[in-house]
Each structure stands twice: as structure tokens, then as C-alpha cells.
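Peer 1: Task: produce atomic coordinates for the following.
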Amino acid sequence: MNYQRLYQYRFRNVPQERRTDIWDVIARYLYGQLGSPETLLDPAAGRCEFINSAPAAERWAVDAQDYRAFAADGVRFVESDIMTADLPEAHFGGVFASNFLEHLPSQEAVAAFLERMFRCTKPGGRIAVMGPNFRYCAGVYFDFADHTVVLTHRGVEEHLYAAGFDIVAVHPQFLPFSFTGRLPAAPNLVRRYLQFPLAWRVLGKQFLVIGQRPEP
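Peer 2: Numbers count the residues shown, from 1 in each chain. Next comes the predicted model:
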């Protein structure tokens with residue numbers, strides 16, 4: 001599948017500047033949820049909107065597509081399949097995986113990916129996983145050509161625990177479904193949205209599950 005052309009088409013009506021501005025707000029919120037780590041990994045970085053905005057001292061972005069032109073100064077971009085990428089083990093204080101698990105071919109592949117992320121995370125480090133929650137968007141879940149695996153917050157919670165992480169927080173409804181949907185367009189509205197979890201229960205269609213690698 002040509003993912004670059006796929007995403008060009010999917011987001012053809014969403015200016016990159018809007019995506020960048022909105023992700024700047026979301027990334028700073030999620031960075032805090034990860035414990036403000038000094039070392040941060042985005043294992044499916046895409047156009048690097050999250051990793052560019054997160055204020056970690058050391059930032060790594062991995063993607064199978066060559067999006068290095070989008071990486072900000074100081075971001076180490078690795079073009080590779082995440083399962084074969086050359087990454088240090090027990091190194092990252094934070095990992096953020098956004099809208100990636102549902103693209104994998106099977107539940108076994110989800111498990112293998114999260115086990116890889118566990119090995120990359122240092123003891124005490126956190127992982128945040130976000131993605132469409134089938135429980136709240138079943139009618140449109142498969143309207144996307146790259147959605148294959150059905151996941152809910154409960155399933156991801158179990159996957160993270162099985163991979164070795166302790167569960168820190170589970171939000172069944174966090175963000176709206178996609179940038180092409182009902183996500184507020186302006187950064188100040190996104191900031192307010194994130195401050196009022198009650199609004200998540202109305203608009204949220206994506207889960208956010210946070211895990212932590214136990215200390216020895």
C-alpha cells in the first residue's frame with residue numbers, strides 16, 4: 001500500500017498548518033501525561049507532528065515512509081519498519097503510539113509491537129497508546145483503507161499488560177475520531193477541550209491508554 005498517497009488523499013482538505021497547530025497543543029498535553037521524559041520515541045511518526053512539538057531533550061521518530069523532510073531540527077528520524085528499526089533498548093522514558101495499532105495485520109502483530117516497545121522503554125518509563133475505539137465508532141471504523149485490526153480500550157489495556165507494562169490510566173473516549181471529523185479546528189479550542197474531560201464523553205471516539213514499565 002502506498003501510504004504517502006493514501007494520507008495525501010485522506011487529508012487533502014486539512015491544511016498541514018492546521019494539523020501542526022493542533023498537534024502542538026495535543027503533544028504538549030500528552031508529553032505531560034508521559035511524565036515529561038527526557039528521551040522520547042514516536043514509533044509511527046508520520047509527518048512528525050507529535051514529536052516535533054514535544055519538548056523532550058532527545059527525540060526519535062520512526063516511520064516506514066520517508067517523512068524526514070517534516071522532522072524538526074534535533075529530531076532523529078529513522079526510516080524503517082518499527083519491528084526492525086535500530087533502536088536502543090531500555091532507553092526511552094516515553095513512547096507515544098498514535099493511530100498505529102489498527103493498521104497492523106493481526107492481534108499477534110499488536111502484541112509483538114508492544115513487546116518491542118516494552119524492551120525500548122526504560123524501567124519507570126511510560127507508553128501512551130491512542131487510536132480509534134471500535135466501541136464508539138463501529139459504524140465508520142472500516143471507512144479507512146488501512147484499518148484492519150478491531151481494538152477497544154479494553155483490548156489495548158490487556159495488550160499493554162500482557163507486554164509487561166503496568167496500567168496507569170485508561171480513557172475510553174479521549175479525542176474525536178479524526179482530523180476530518182469534529183475535532184475543534186482552533187488550537188485554543190483544543191486546549192479547552194483537553195481541560196474538560198466531560199467533553200471527551202460527548203466527542204471522544206479514540207481511546208488513550210497509558211502504561212508504565214515497572215521498576216526492577
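Peer 1: all contacts plus neighbour counts: C-alpha atoms, from now on.
Peer 2: Noted.
Peer 1: what about the helices in this structure?
Peer 2: Here the chain has its helices, by DSSP state H, at 3-10, 16-33, 49-53, 107-120, 134-137, 153-163, 187-195, 197-203.
Peer 1: Relative to residue 76, which of these is closest?
Peer 2: Proximity to residue 76 (Cα to Cα) singles out helix 49-53 among the helices of the chain, at 9.9 Å.
Peer 1: Single out the most deeply packed of the helices of the chain.
Peer 2: Mean neighbour count (mean count of other Cα atoms under 10 Å) peaks for helix 49-53 among those, with a mean of 23.
Peer 1: Can you give the contact residues for that one?
Peer 2: 19-20, 23-24, 26-28, 40-42, 45, 59-61, 71-72, 75 (Cα atoms under 8 Å, 6 or more residues apart in numbering).
Peer 1: Residue 175 is nearest to which of the helices of the chain?
Peer 2: helix 197-203 (6.6 Å).
Peer 1: Contacts for that closest one, please.
Peer 2: Residues outside helix 197-203 that contact it (Cα under 8 Å, 6+ apart) are 173-176, 182, 193-194.
Peer 1: With mean pLDDT and distance to residue 79 added, can I get the helices of the chain in CSV?
Peer 2: Below are those laid out as CSV (pLDDT from 0 to 100; distance: least, Cα to Cα, whole Å):
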stretch, mean pLDDT, distance to residue 79
helix 3-10, 83, 13
helix 16-33, 90, 21
helix 49-53, 95, 15
helix 107-120, 98, 17
helix 134-137, 95, 30
helix 153-163, 98, 25
helix 187-195, 91, 30
helix 197-203, 92, 34
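Peer 1: mind putting those in JSON lines, distance to residue 209 included?
Peer 2: Compiled in JSON lines, the helices of the chain are given as follows (distance: least, Cα to Cα, whole Å):
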{"stretch": "helix 3-10", "distance to residue 209": "25"}
{"stretch": "helix 16-33", "distance to residue 209": "10"}
{"stretch": "helix 49-53", "distance to residue 209": "17"}
{"stretch": "helix 107-120", "distance to residue 209": "12"}
{"stretch": "helix 134-137", "distance to residue 209": "14"}
{"stretch": "helix 153-163", "distance to residue 209": "7"}
{"stretch": "helix 187-195", "distance to residue 209": "15"}
{"stretch": "helix 197-203", "distance to residue 209": "14"}
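Peer 1: The residue nearest to residue 97 when sequence neighbours are not counted: what's it in contact with?
Peer 2: Nearest residue to residue 97 in three dimensions, chain neighbours excluded: residue 129, at 4.9 Å (Cα to Cα, 6 or more residues apart in numbering). Contacts for residue 129 were tallied using Cα under 8 Å, 6+ apart; they are 96-98, 207-210.
Peer 1: Which members of the residues you listed define the maximum pairwise distance?
Peer 2: 96 and 207 (13.0 Å).
Peer 1: out of the two, which sits in the busier spot?
Peer 2: Legend: neighbour count by other Cα atoms under 10 Å for residue 96 and residue 207, higher for residue 207 (28 against 24).
Peer 1: which residues does that one bridge with?
Peer 2: residue 131 (DSSP bridges).
Peer 1: what's the spacing between the residue nearest to residue 97 and residue 188?
Peer 2: For residue 129, the distance to residue 188 (Cα to Cα, to the nearest Å) stands at 24 Å.
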